[in-house]
Every structure is written in structure tokens, then in C-alpha cells.
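1. Below: sequence and its predicted model.
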Amino acid sequence: MSRTVIAKRYAQALLNLATREKKVDEVGQELGLVAEAIQSSRNTSGFMADPKIDRAAKERVMEHMAEKAKLSPLVSGYLRYLSAKGRMGLVGSISGVYHTLADEKNGRAVAQVTVAHAIGQDTEEEIRKYYEKVSGKKLNLVVNVDPGILGGAMTKIGSIVRDGSLRNHLRQLKTSIIQGKVEKE
């Protein structure tokens, strides 16, 4: 079974528990903090992912992290469960999947917009409102600046990409000119 499938199963189980306790966002924040703490340290991530290291040692590290971060009993217990199952190396993946599933459940999504030049707050708000209306979801807008697109904008919401960049239009124009020349010959 692939790591992604396994991570999705564990994330879905945690989401079900968090939903029952009406703490979906809180659990997501705590899990994100733990995943970030583990992934930010090569030593910790290697330690947690190493199957040769005793599970009891991993559990002690998790207990220490949970205590220091003041994690809820739900997240602390969940991390102990992951450790007992030898799945601590998947915490980062589980956290990512959890956030995606929680966003879907709550009608939220991330809209990544790439523009050629910085845009103002008002323009960002207009873009967010437009895509919220189109997608029917509450959006968290992330704006990236990439002068390489030349102009226009590229938008990605989930797996849907809308490329309205000048670079893309020029590429399409070039393709149609080339195809037109080929057809004439």
C-alpha cells in the first residue's frame, strides 16, 4: 500500500474523531505544529522514521513534545497510536492530507494566484470574491509574484488550473502560427 493511501486513512480517522469532538480546526493546528517540528529537524524526522529505533523511545519523545506543546488529549493520544503502529514517519503526510480533508469538509480551499507584478489589497480581495463565487467555497488566497508570466494571472484551486498569463497566450499564438504554416505547406 502506498504512503499516500496510508496517510489518507490515518488522516480520515483523525478527522472523524475531531469532527465528533467539534475540534476540526484545533486538531489540524496541533497536528500541523507537530509535523512542522518533526520535519524541521533532520535528527527528529530521521529518528521518528527509523524502524530500527525502539517504539518506546519514540513514544517518550512524542510524550515530551506533546507536553511541551500542550497538545490536546485527542492529538496526544493519536500520536501515541501512530507511534505504536510504527507510523510516526508519516506525520507530515498525514497532516497535509488532514488539512485538505478538513478544508473539503468545511467548504474551504486554497486559491494560488500567480501574477507578474505585485497587486494591491483591493485587487486581492476582488480576486478572492470572484473565485469564491465561481467555486462556491471559502478561499484562502495566496498570491505569488512571477515576472516570468509577463502579464495576466494563473490561478489554481485544488486540481483546477486557469492559465490566463500573457506567456500562455503567446505560446498558444506561436503554436497556432506554426500549425498554420505546416497546413499551408
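-> Received it, and whenever you're ready, just let me know what you need.
2. Can you list the buried residues in the lowest-mean-pLDDT helix or strand in the chain?
-> Least confident helix or strand of the chain, by mean pLDDT, DSSP states H and E, is helix 42-49 with a mean of 76. Buried residues in helix 42-49, counted by 16 or more other CB atoms under 10 Å: 45, 47-49. Any C-beta I mention is one placed from the backbone N, CA and C, and that applies to glycine too.
3. CA atoms only for that helix - export them in PDB, please.
-> What follows is helix 42-49, C-alpha atoms only, in PDB (Å, rounded to 0.1, in the frame of the first residue of the first chain):
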ATOM      1  CA  ARG A  42      16.600  16.300  10.400                       C
ATOM      2  CA  ASN A  43      17.600  14.400  13.600                       C
ATOM      3  CA  THR A  44      14.000  14.200  14.800                       C
ATOM      4  CA  SER A  45      12.500  13.200  11.400                       C
ATOM      5  CA  GLY A  46      15.100  10.600  10.900                       C
ATOM      6  CA  PHE A  47      14.700   9.300  14.400                       C
ATOM      7  CA  MET A  48      10.900   9.000  14.100                       C
ATOM      8  CA  ALA A  49      11.000   7.400  10.600                       C
END
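4. Can you tell me the centre-most residue of the chain?
-> The structure's the chain has its C-alpha centroid closest to residue 96; by CA atoms, centre = their mean the separation is 4.9 Å.
5. ok, now which ones touch that one?
-> Listed by CB atoms under 8 Å, 6 or more residues apart in numbering, the contact partners of residue 96 are 7, 35.
6. Then it would be within a helix, right?
-> Yes: counting by DSSP: H, G, I helix; E, B strand; the rest coil, residue 96 is located in a helix.
7. Start at 377, not 1
-> Understood, numbering begins at 377; the last thing we discussed is residue 472.
8. Which of the three states applies to residue 540?
-> Applying three-state DSSP: residue 540 is strand.
9. what about it, how many neighbours?
-> The burial count assigned to residue 540 is 12, neighbours taken as other CB atoms under 10 Å.
10. Same question for residue 483.
-> Neighbours around residue 483, by other CB under 10 Å: 12.
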